[in-house]
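Trainee: Predicted structure and sequence below. I'll ask about it afterward.
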Amino acid sequence: MGRSVGSHNPGYEERRRALAAAVIDRLTAEDGPTVSLRRLAEVAGVSVPTLRHYFGDREGLVVAALAEMLRQGGPYLEEAASPSPGDLRGSLLDLLRRTAMGWRFGVGRLYQGGLALGLGDGRLGPAYVDNLLEPLLQAVEARLAKHHAWGEARVEHPRFAALQLVSPLVLALLHQDGLGGAECRPLDLDAFIVDLADGFVRAHALAPA
């Protein structure tokens, strides 16, 4: 009996995810935002018609690759959302330092490449927000909301607070690494992180309940 309309062969989704994962590094390379579908097919070891079969077009492949980035980052995001009670400052320092470390061990390349792909693009921009930017912010929101629930911090609007905490670090990392600021105006990143965490503590900390 033939397949129903719209159905796929067994293993279709697994194959689709594998192809999306295969092109992530190429998409986030320096010239990734302009790389052709033909080149992406070469990287994945398949034909252009194969990529079109699974993704429709180049933008569909990029959206799938962004979704695969989110899947691969799941363990870190779960950890980022799960602090321990009793030490707000230590929790913030741990979060910020782990974020900076992950950025410099490859995650930053994904964020930079995704940003380059998504800026000004009505389809890829929202995909970048949904799969890279928002998951990080929501994990930080969850972390801060827990400190609020434990009576350690006054965080009435976790989304605002997450943006206040993470945005300076992301800007500093883009400045130093993505844009070469480390060469023309270097920054002591760990001192910056300590100052950022201390400023947040001064603004939001409460005595533990």
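Mentor: Okay, I see it.
Trainee: use CA for all of it now, contacts and neighbours both
Mentor: Fine.
Trainee: which non-adjacent residue is nearest L40?
Mentor: What sits nearest to L40 in space, not counting adjacent residues and going by Cα to Cα, 6 or more residues apart in numbering, is V23, at 6.2 Å.
Trainee: what's the spacing between the helix or strand hosting L115 and its chain's center?
Mentor: Using DSSP states H and E, L115 sits in helix 108-118. In this view, helix 108-118 has its centroid 9 Å away from the chain centroid, taken as Cα atoms, centre = their mean, to the nearest Å.
Trainee: same question, stretch 155-165
Mentor: On Cα atoms, centre = their mean, the centre of stretch 155-165 falls 18 Å from that of its chain.
Trainee: outside of that stretch, which residues touch it?
Mentor: L137, Q138, V140, E141, A142, L144, A145, H148, L196, A197, F200, H204 (Cα atoms under 8 Å, 6 or more residues apart in numbering).
Trainee: who does the helix or strand bottoming out on mean pLDDT in the chain touch, helix- and strand-wise?
Mentor: Ranked by mean pLDDT, DSSP states H and E, the weakest helix or strand in the chain is helix 108-118, scoring a mean of 87. For helix 108-118, the packing partners by 3 or more Cα pairs under 8 Å, 6 or more residues apart in numbering; DSSP states H and E come out as helix 24-27, helix 124-128.
Trainee: and the most centrally placed residue in the chain, how far is that from E156?
Mentor: The residue lying closest to the centre of the chain (Cα atoms, centre = their mean) is L132, at 3.2 Å. Distance of L132 to E156, computed by Cα to Cα, to the nearest Å: 24 Å.
Trainee: Next: F105.
Mentor: From F105 to E156 the distance is 33 Å (Cα to Cα).
Trainee: ok, now A182?
Mentor: A182 is 36 Å from E156, where distance means Cα to Cα.
Trainee: Can you pick out the residue with more neighbours from those two?
Mentor: A182 (15 against 12; other Cα atoms under 10 Å).
Trainee: Sticking with that one, tell me its helix or strand.
Mentor: Secondary structure (DSSP H and E) places A182 in helix 181-184.
Trainee: Please give me every residue in contact with W103.
Mentor: Listed by Cα under 8 Å, 6+ apart, the contact partners of W103 are R109, L173.
Trainee: Specify the local secondary structure of it.
Mentor: helix (DSSP: H, G, I helix; E, B strand; the rest coil).
Trainee: residues contacting the closest residue in space to L174 that isn't next to it in sequence?
Mentor: Nearest residue to L174 in three dimensions, chain neighbours excluded: Q112, at 7.6 Å (Cα to Cα, 6+ apart). Going by Cα under 8 Å, 6+ apart, Q112 touches T28, L174, G178.
Trainee: can you put these in JSON lines and add distance to E78, neighbour count and pLDDT?
Mentor: Shown next, in JSON lines, are the contacts of Q112 (distance: Cα to Cα, whole Å; neighbours: other Cα atoms under 10 Å; pLDDT from 0 to 100):
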{"residue": "T28", "distance to E78": "24", "neighbour count": "21", "pLDDT": "84"}
{"residue": "L174", "distance to E78": "24", "neighbour count": "18", "pLDDT": "96"}
{"residue": "G178", "distance to E78": "26", "neighbour count": "17", "pLDDT": "90"}
